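> Kindly return the folded structure for what I paste below:
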Amino acid sequence: MSWRLRLAPLREASGAPIEDYFGAAVAPPGHSLAGQVFVTDRDAFPSQTGAIWRVDPGTGGATLVSSGGFFLELHDVPFDASGDLIATDVYSDSLIRVNPSTGAQQKAWACDLAAPAGGPPR
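This next block holds a predicted model:
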C-alpha cells in the first residue's frame with residue numbers, strides 16, 4: 001500500500017495554520033484509527049508548548065489530539081505496540097505516551113542529564 005498525503009497547508013478547525021509540524025505517523029491497520037495521520041506541531045498556540053494533530057488524509061483537515069501537559073518541543077510521534085503514540089520531546093529529553101483517541105498523556109521515560117556529584121567531568 002502506498003500513501004500520498006499533502007501536509008501543507010494544514011489548518012486547525014478554527015482555520016489557523018499549523019506551520020511548524022515536524023514528525024508524522026499513520027495509525028496501523030487494525031488500529032481503531034487505522035489510516036489516520038498524526039503530526040507533531042513543535043510551537044503550537046501562544047504558549048508554544050507543542051501539540052499532536054490528527055489529520056484526515058482525505059480532506060487534510062486537522063483535529064487537535066493533545067497539547068500542553070508534558071509537551072515542550074515535540075519531534076517524532078511513532079505508534080507503539082499497544083496502539084499509543086510515543087511523542088519524543090527533545091527539550092525535556094523525554095518520551096510521552098499519548099492515547100490517540102483521548103489525548104491523555106503519561107510520561108513514559110525521561111533522561112536525567114544532571115551533572116554528577118562534584119561537577120561535570122573535566
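
> buried stuff in stretch 70-83?
Across stretch 70-83, burial judged by 16 or more other C-beta atoms under 10 Å covers Phe70, Phe71, Leu72, Glu73, Leu74, Asp76, Val77, Phe79. For every residue, glycine as well, the C-beta is placed using N, CA and C.

> Let me have those in CSV, extended by secondary structure and distance to Asp56.
Formatted as CSV, these follow (DSSP: H, G, I helix; E, B strand; the rest coil; distance: C-beta to C-beta, whole Å):
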residue, secondary structure, distance to Asp56
Phe70, coil, 26
Phe71, coil, 22
Leu72, coil, 27
Glu73, coil, 26
Leu74, strand, 20
Asp76, coil, 21
Val77, coil, 17
Phe79, strand, 18
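
> What is the most widely separated pair among these?
Farthest pair in those (C-beta to C-beta) is Leu72 and Phe79. Separation: 21.3 Å.

> Apart from its chain neighbours, what residue comes closest to Val98?
Distances taken as C-beta to C-beta, 6 or more residues apart in numbering put Leu85 closest to Val98, at 4.3 Å, once the chain neighbours are dropped.

> so the one you found bridges to which residues?
Phe79, Val98 (DSSP bridges).

> Ala51 versus that one, what's the distance?
To Ala51, Leu85 is 12 Å away according to C-beta to C-beta, to the nearest Å.

> Touching both of the two, which residues are there?
Common contacts of Leu85 and Ala51 (C-beta atoms under 8 Å, 6 or more residues apart in numbering): Val65.

> For this protein, which segments count as strands?
Using DSSP state E, the strands found in the chain span residues 10-11, 17-18, 21-26, 37-41, 51-55, 62-67, 85-89, 94-98, 105-110.

> Those into a markdown table, with extra columns for mean neighbour count and mean pLDDT?
Formatted as a markdown table, the strands of the chain follow (neighbours: other C-beta atoms under 10 Å; pLDDT from 0 to 100):
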| stretch | mean neighbour count | mean pLDDT |
| --- | --- | --- |
| strand 10-11 | 16 | 60 |
| strand 17-18 | 16 | 64 |
| strand 21-26 | 18 | 84 |
| strand 37-41 | 24 | 89 |
| strand 51-55 | 24 | 90 |
| strand 62-67 | 20 | 90 |
| strand 85-89 | 22 | 91 |
| strand 94-98 | 20 | 93 |
| strand 105-110 | 14 | 86 |
